Every structure is written in structure tokens, then in C-alpha cells.
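[1] with the sequence up front, the predicted model follows.
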Amino acid sequence: MTIAAQQAERRGATATIRRGLSLSPELRRGLPATLVLALIATAGRVIVPVAVQQIIDSGFADGGVDMGFVLSMTAWALLAVAVTAGSTGAMHLRLARVSETALSLLRVRAFRHIHDLSMLHQASEQRGVLVARVTSDVDQISRFMQWGGLMLIINGGQALLSLLVMFVYSVPMAMVVVVLVPVIVLTIKWFQSRLEVAYLTVRERVGRMLAILAEVVVGAPVIRAYGIEDRIRQRLGESIDQHRRSGVKAGALSSSFSGAGELLSAMVVAAVLVVGTVLAVNGSTSVGTVVAFLFLVQLFVQPVQMLGEAVNEAQTAVAGWRRVLDVLDIAPDVADPGAIGADLPAASLGVSFEGVSFRYPRPGETAGEASGPPVLVDVDTTIEPRSRVAIVGETGSGKTTFAKLLTRLMDPTAGRIVMGGLDLRTVRFRSLRDRVVMVPQEGMLFSGTIADNVRMGRPEATDAELESAFRRLGLSEWLGELSGGLLTPVGERGGALSVGERQLVTLVRAAIADPDLLVLDEATSAVDPVTEVRINRALSGLTTGRTVVTIAHRLSTAEAAERVIVFEGGRIVQDGTHDALVAEGEVYGRLYESWQRGTSV
């Protein structure tokens, strides 16, 4: 059984819609008034067949025509059509407003929830898939609410009301329609179950295609550098072809459904016409009734003819809604305690690791179920306020994981982290993010200007405060060299700036945030000497008077630190000053000797 089929079994269409409406109360509040307008629009359509029956049976008498009666019935029919048109227009406008409002809030909720998910979950998901959940999947719901949903409401009401009027006119002819209804319902149900799985598969293929496309666009320089265009094109082409095949399969199933609807409609009309003719010849019913009945049958079978498209839209919308709900149902591994949480104390911050261990989860596991190899094992250490500590170790030793736990991008598998006397799990995110800032190894910038990116550290900062921050870090000269100064565009992901320049902007962003505890993932190995001098000068100004933890990739950084913590195999194996650890030898001594040989070449 495919993944799509398993998900379809796990949450049926009805349950999905019920859950979706519970998360979008705006839709529920606007639904009653919309249904009233739909009822008026539906009732108006039935007036025309009734008027036709009355004109034929009562407007013609003794070989003459009662023009007054004919004109009166015609006027009433026109009035009903006008009311129907007005109600339909008002219903469309109301549903468009209500649905767009509700679904925009759903999109915001999904976006916020994705951001609340841990770094572990975000790293395990393809970004294009997550983007598709917030964009195209919600768009599918919107299209259904404004078109397919209206079609189902109006056509469903039209079919029901038409059937009721049929029974009023002629029970035998109405029974012909009723007998054929189970055939129609069974046919719809058979196609619906298959369309649900088919369109869920289409939505999954869209997400995968977007994920690969996003990687291709972002990774274009690497693709060109390694000359792997053909391989990447093949991978993208296979994804597009998978989407095409799933779309063709769903479209073929939809076309078969539409054809079946046409055939069933023709069967109903033919059967009613035969029975009506027999009844009229026997005098059991009037000619006007038979003619009106044919109009009513058309009003009844027309929804069946259009039901294929409506069900397609419904299945696509349900598939999209299910995918959005799947994201919202993921419990964040790192939860914000919110209102019940505590704020960090105003004093300078230190941090203690108490028996902290960490394992990364294997595929399919949650953070609580993590059974991967241990990355940190029984880490016990205390970092004093206003101290400058360097974290050193070979690749894979656990130092980056240590930094992520320190900033609560992840939670430990065992043990606890205490900051300012509080268990980090009990601290509100807002307080933690205001007081603790991490500057990653790769400076991440967003589209906009340098000022826009720096203000992410403190949105209310004025231009004068931004310029002051650049001066404090010794970067005013570099800022003056830029053509637009603070208003210099950085491009998408900061592509208009060099690697080192992006890092300078992130350092100023950290400075304007004015944190008490700063975590730095050192990044000066890929920059030119002039930029490296600027970065080191900026770091000197940024770290003054703060608690600073630096993930040191170069031991010159460790030399300048007050204290060095050495990791190996997820454990702290050495802890002390640079000079003491060099004299001690062991792991740090070997790393230092290796670094010295590398720098002397």
C-alpha cells in the first residue's frame, strides 16, 4: 500500500473536513448565512419549471390563451430568476471573503507551527515540501471553497429541492428517479475513494518537485562548479515526470467519472420520459406536468453531470487540508512554555550543563524516541557569567550540538541545562531569544537592505543607532565603502555580498540585539585577510562585557579565550586555560601541534 493510501485510511475525508473547520472557526461562523443565500438561490431555480407547468395547464383553456395569467406567471418567474441571481452573487462574495480570511489565518498558523518545530524536524524535511504545505496546499483549499464548495452546496440543494417538487407532481415519475439514485450514489462513492488517493499522491508529488526545484535554484553555483548539470536535470526531470504521471492518472480517473455522470444522467431522462408519456396518454397526469417534470429532471441530473469536477476539487482540497493538518499535528520537540514560563533574571548570565546527554533520532523517530548514536554523553560543566570560553574538538566531537543545546534549538535527551538559576525548558522563548543570541558559521541574510537585516536584532532601532553599532565594532569605514551605506541591497540570501561581508552584517545584528550571552560559531576560514581583520575587530567589540561561548575551529581563537573546553567522542576530556592544556598535552596538545604545523607551511 502506498504512503498516500495509508494516510487516506488514517484520516478520512469527513474527519479531515471536521478537523479543518475546527481550526478555522471563521468558516463555521460564516457558513449559516452562506447556506441561507444558497437556499434562496436554489429555490429560485425551481420556480421556472413550476411556472411552465402552470402556463401549459392553466394558461391554455377552451382553445384560447389567458394572456393575463401567462404574463403574471412569467413576471413571477422573472422575479424569481432575479432574486436567484442576486443571492448567488451575494453568496459568492460572502464566501470569498470568509474563506480567504479563514485560510489566510490557517496559512499563518501553519507557517508559525513550522517555525516552532525543532531544528531536528526541519532538517529532516525537504524545505520545498514545507513551503508547499503553506502555499499550494492552502491555495487548493481556497479554490475549492470559492468554486467547488459553492458548486456542491448549490447543486446539492438544487437536486434535493427538485426531487421534492417531483414527488409533489407525480409519485410514479419521482420513483423512477429515486430508483436510479442508488446507482448514482454507488458510482460516486466508488470513484470518490479512488480520487482521494489519486489527488493526495498528486499533492505529494508537487511537494517533492518543489523541494528538488528549490535545491536546484539555490545550489546553482555548486552545480555549475562540479559540472553535474546533466545529473541534476535528470533528477529534476524524473520528479517532474512522476508528477506528470500522477496527474495524468488522476485526470483519467476524473474523466471516467465525468463520463459515467453523463451516462447516468441520460438514463434518468430517458426513463422519466418513457414513464411520463405513458401516464399522459392514460390521463393520469397532465402534459404541463410532464414538461415541467423534464425541467425538474434536468435540474436534478445537472449536479450529477458537474459532480465530477466538484468532487475533483473536493478531493484535491481534502488532500491539501490533510497535508496541512499533518504538519499542525506534529508536536514541537522544543516547546515554548509561554505564559506559564519564567523570564531570565536581569543579572549577567551563566550556564550549567548537568548530566546532559543527547542522541539524534533515527528516521521516523521523534526526539523523545531518539535511539541514534550518542553525540553528547554525561556532560557536566559550568560557564561563569562574563567569561569567554572556547569549545574545541575534532569534527563530530559534539561541540556544535553543545551550542545548539545551549541556545535551546534542541533539548537534551537526558539531564538538564540551567541558565540564570532556571531550567532552560521553563524559560519563555521571548526572554531566551532577547538575552541569548547565536551567530552561526554562515551569515544568513534576508532579501532587503543592510539596515533591514541589522534591525532584525532590534526592530525599533533608528538609523543613528545602527550607525553607532557599526562604529562600536569598527566597521563604519567598511559601511562607508558600500554604494548605498545602510540602504545597500543584500540580494536574496545575501548573495550581493561576499561571505565575509555577510558575516560582518550578522555580527552587527547581534550587537544591536545587545544579548547577555553570545554563542559564536567561528567563521573566518573562508574570508580574505582584510575581511578577517575586520571580523576579528568586530568580534572584539561585540564580546566585551558579555558571556561568550565560541565554537573554535582555529586554535588562535582558543589562545585568546580565558578558558578552553575540549570535546572528544561527545565527552568533555579537558578543561582549562590554553597554556595549561598545551602543557598537559593529550587531545588539546595534539590538536595544537597539528594546527601549528598547518599554519607554518
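    Perfect, thanks for sending it.
[2] output the below-cut-off pLDDT ranges for the stretch 251-400 of the chain.
    304-312, 330, 332, 363-368 (pLDDT under 70).
[3] tell me where it has strands.
    Under the criterion DSSP state E, counting those that start in this stretch, the stretch 251-400 of the chain carries strands at the ranges 351-359, 374-383, 388-393.
[4] just the CA trace of the first one, in PDB.
    In PDB, the C-alpha atoms belonging to strand 351-359 read as follows (Å, rounded to 0.1, in the frame of the first residue of the first chain):
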ATOM      1  CA  VAL A 351      25.000  28.400  32.300                       C
ATOM      2  CA  SER A 352      25.400  24.900  33.700                       C
ATOM      3  CA  PHE A 353      25.200  21.600  32.000                       C
ATOM      4  CA  GLU A 354      24.100  18.900  34.500                       C
ATOM      5  CA  GLY A 355      24.500  15.300  33.300                       C
ATOM      6  CA  VAL A 356      23.500  16.300  29.700                       C
ATOM      7  CA  SER A 357      23.400  13.600  27.100                       C
ATOM      8  CA  PHE A 358      22.000  13.800  23.500                       C
ATOM      9  CA  ARG A 359      21.100  11.400  20.700                       C
END
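[5] what's the angle from that strand to strand 388-393?
    20 degrees (axes from the mean of the first three to the mean of the last three CA atoms, to 10 degrees).
[6] just the longest one next, same as before
    For strand 374-383 against strand 388-393, the angle by the same axes, to 10 degrees is 160 degrees.
[7] what residues does strand 374-383 touch?
    350-360, 389, 398, 401-402, 405, 412, 415, 547, 549, 565, 569-572, 575 (CB atoms under 8 Å, 6 or more residues apart in numbering). Yep, even glycine has a C-beta here, placed from its N, CA and C like the rest.
[8] buried only: go through those residues for me.
    Neighbour counting by 16 or more other CB atoms under 10 Å classes 350-353, 356-360, 389, 398, 401-402, 405, 412, 415, 547, 549, 565, 570-572 among these as buried.
[9] and stretch 276-286, which residues are buried?
    So, applying 16+ other CB under 10 Å, buried residues of stretch 276-286: 276, 279-280, 285-286.
[10] please narrow those residues to those residing in helices.
    276, 279-280 (DSSP state H).
[11] so which of these comes closest to residue 557?
    Nearest to residue 557 among those: residue 276, at 92.6 Å, using CB to CB.
[12] now for that closest one: which residues touch it?
    Here residue 276 is in contact with 170, 173, 285, 289-290, 293-294 (CB under 8 Å, 6+ apart).
[13] try it again at 10 Å.
    169-170, 172-173, 176, 284-285, 287, 289-291, 293-294, 297 (CB atoms under 10 Å, 6 or more residues apart in numbering).
[14] check residue 69 too.
    54-55, 58-61.
[15] assumed it was part of a helix.
    Yes - looking at residue 69 with DSSP: H, G, I helix; E, B strand; the rest coil, it is inside a helix.
[16] could you check the pLDDT of it?
    Looking at residue 69, its pLDDT is 77.
[17] what's the separation between it and residue 266?
    35 Å (CB to CB, to the nearest Å).
[18] same check, this time on residue 90
    From residue 90 to residue 266 the distance is 34 Å (CB to CB).
[19] and those two? Which one has more around it.
    Ranked by neighbour count (other CB atoms under 10 Å), residue 90 and residue 266 place residue 90 first, with 15 against 12.
[20] doesn't that one lie inside a helix?
    Yes - counting by three-state DSSP, residue 90 is located in a helix.
[21] pretty sure residue 110 is touching residue 141, no?
    No - look at residue 110 against residue 141 with CB atoms under 10 Å: they stay out of range, at 11.0 Å.
[22] overlap in contacts, the two.
    Both residue 110 and residue 141 are contacted by residue 324, under the criterion CB under 10 Å, 6+ apart.
[23] these two: who's more crowded?
    Taking other CB under 10 Å, residue 110 and residue 141 do not tie; residue 141 has more neighbours (27 against 22).
[24] isn't that one up against residue 203?
    No - the pair residue 141 / residue 203 is not scored as a contact, 11.1 Å apart, by CB under 10 Å.
[25] so what sits against both of the two?
    316-321.
[26] flag the shaky bits of the stretch 101-250 of the chain, pLDDT-wise.
    For the stretch 101-250 of the chain (pLDDT under 70), the answer is 111, 113-136, 138-140, 143, 145-150, 225-226.
[27] and stretch 198-208, how far out from the chain middle?
    15 Å (CA atoms, centre = their mean, to the nearest Å).
[28] quick one: buried residues of it?
    For stretch 198-208, burial by neighbour count (16+ other CB under 10 Å) applies to 198-208.
[29] now do stretch 409-427
    410-413, 415, 417, 419-420, 422, 424, 427.
[30] what do you get for stretch 483-490?
    Under 16+ other CB under 10 Å, the buried positions of stretch 483-490 are 485-486, 488, 490.
[31] then stretch 260-274 to CSV, C-alphas only?
    Coordinates of each C-alpha in stretch 260-274 appear next as CSV, following Å, rounded to 0.1, in the frame of the first residue of the first chain:
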residue,chain,number,x,y,z
ALA,A,260,-20.2,8.0,-16.1
GLY,A,261,-22.1,11.0,-14.8
GLU,A,262,-23.2,11.9,-18.4
LEU,A,263,-24.4,8.3,-19.0
LEU,A,264,-26.3,8.1,-15.7
SER,A,265,-28.0,11.5,-16.5
ALA,A,266,-29.1,10.3,-19.9
MET,A,267,-30.5,7.1,-18.4
VAL,A,268,-32.6,9.1,-15.9
VAL,A,269,-34.0,11.5,-18.5
ALA,A,270,-34.9,8.6,-20.9
ALA,A,271,-36.6,6.6,-18.1
VAL,A,272,-38.7,9.6,-16.9
LEU,A,273,-39.7,10.5,-20.5
VAL,A,274,-41.0,7.0,-21.2
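[32] quick one: the helices in the stretch 501-601 of the chain, in order.
    In the stretch 501-601 of the chain, the helices defined using DSSP state H, counting those that start in this stretch lie at 529-543, 555-560, 578-584, 586-600.
[33] restrict the first one to CA atoms and write it as CSV.
    Below are the C-alpha coordinates for helix 529-543, written out as CSV (Å, rounded to 0.1, in the frame of the first residue of the first chain):
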residue,chain,number,x,y,z
PRO,A,529,42.8,38.7,5.1
VAL,A,530,41.3,42.2,5.1
THR,A,531,37.8,41.0,5.9
GLU,A,532,39.3,38.6,8.6
VAL,A,533,40.9,41.6,10.3
ARG,A,534,37.5,43.4,10.2
ILE,A,535,35.7,40.4,11.6
ASN,A,536,38.2,40.0,14.5
ARG,A,537,38.0,43.7,15.3
ALA,A,538,34.2,43.5,15.3
LEU,A,539,34.3,40.4,17.5
SER,A,540,36.5,42.2,20.0
GLY,A,541,33.9,44.9,20.3
LEU,A,542,31.0,42.6,20.3
THR,A,543,32.3,40.2,23.0
